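J.: Need coordinates for the below:
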Amino acid sequence: MIDYSDFIDRYFNKTLNKDEVDRFEKMLADDQKFAEQVAFYISTTQVLKEQLIIEKKERFKELLGQQNAIVGINPDRVPVRKLWIYRAIAAAALIILLISSWYLFYSRPLPVQQTADTYIQQHLISLPVNMSASMDSIQQGLKLYNDGNLNQALNTFVSIIKRDTANYSAKKYLGIVYLRLADYDQAFLFFQQLENYPLYSNPAIFYQALTLMKRNRSGDKPNAKQLLQRVVDNDLEGKAVALQWLKKM
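T.: As a prediction, this is how the structure comes out:
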């Protein structure tokens, strides 16, 4: 097993740079063996501090003449040293148990907010663009979106809707932009408007559920479950994913 004692010591002494701190905290969340080493470091460091205090008190007693034997062989100090060892082992075991429990807890299925975020990262970070010689406004907005210029993409889709209030694609993409910008109320509003379009393939209900899962306010999870159930019951777009999510919720 790799010895991270120096790395751990530098973390608690605040001598790591930002990248090293980020690496430490990621390892703490992902690597149980590393977490156990951190737990042991914490426990033994604390006990060592306590032992130092005990030894200072014992040394003070010696100086006052209350103990005449040499510190290293004084029989009265043996129980104290044994107690320190037992306390170190017990403390380390307790902290390791707590961290192991924490590690196992976070290894369980992802909560709804993280599930939504994973879907967004996999499916909504880049959207299909028709790379024709003369791109219309929708395609220009999508290119801005894919390039990471979310605010410019938002302005493009807003302009389209101002000219054409019934433009389905602009409303869908505008809802996705708001979702990426964490403006979940606006995203949900535009995804609701998509329900008014009698299309064969319409992700309106699925996107509403996705938005509620990502927002994750009080009441959002049960409402998202209801929406996902509607997707399944009515065989709407997103049914396969909805079925998987419902099993986790």
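J.: Specify the residue ranges that define each domain of the protein.
T.: According to automatic domain parsing, the chain comprises the domains 5-105, 112-248.
J.: Mean neighbour count, those: which tops it?
T.: Highest mean neighbour count of the domains of the chain: domain 112-248, a mean of 17 (counted as mean count of other Cβ atoms under 10 Å). To be clear about C-beta, it is placed using only N, CA and C from the backbone, and glycine gets the same treatment.
J.: That domain: end-to-end distance?
T.: Using Cα to Cα, to the nearest Å, one end of domain 112-248 lies 8 Å from the other.
J.: Likewise for stretch 231-242?
T.: 7 Å.
J.: roughly how far apart are Gly219 and Lys33?
T.: 40 Å (Cβ to Cβ, to the nearest Å).
J.: and what of Lys143?
T.: From Lys143 to Lys33 the distance is 46 Å (Cβ to Cβ).
J.: Show me the shaky parts of this structure.
T.: 1, 43-110, 131-135 (pLDDT under 70).
J.: how about 50 then?
T.: 66-73, 75, 77-78, 80-81, 104-109, 133 (pLDDT under 50).
J.: Enumerate every residue touching the most centrally placed residue in it.
T.: The residue lying closest to the centre of the chain (Cα atoms, centre = their mean) is Gln114, at 7.1 Å. Neighbouring residues of Gln114 by Cβ atoms under 8 Å, 6 or more residues apart in numbering: there are none.
J.: element containing it?
T.: Here Gln114, judged by DSSP states H and E, is contained in helix 112-123.
J.: Off-centre distance for that helix?
T.: 11 Å (Cα atoms, centre = their mean, to the nearest Å).
J.: just the helices in the protein please.
T.: 5-12, 18-30, 32-63, 78-105, 112-123, 137-146, 150-163, 168-180, 184-193, 204-215, 220-233, 239-248 (DSSP state H).
J.: what angle do the shortest one and helix 18-30 make?
T.: Here the directions of helix 5-12 and helix 18-30 differ by 110 degrees (axes from the mean of the first three to the mean of the last three Cα atoms, to 10 degrees).
J.: in terms of contact count, name the helices or strands touching helix 5-12.
T.: For helix 5-12, the elements it packs on are helix 18-30, helix 32-63, judged by 3 or more Cβ pairs under 8 Å, 6 or more residues apart in numbering; DSSP states H and E.
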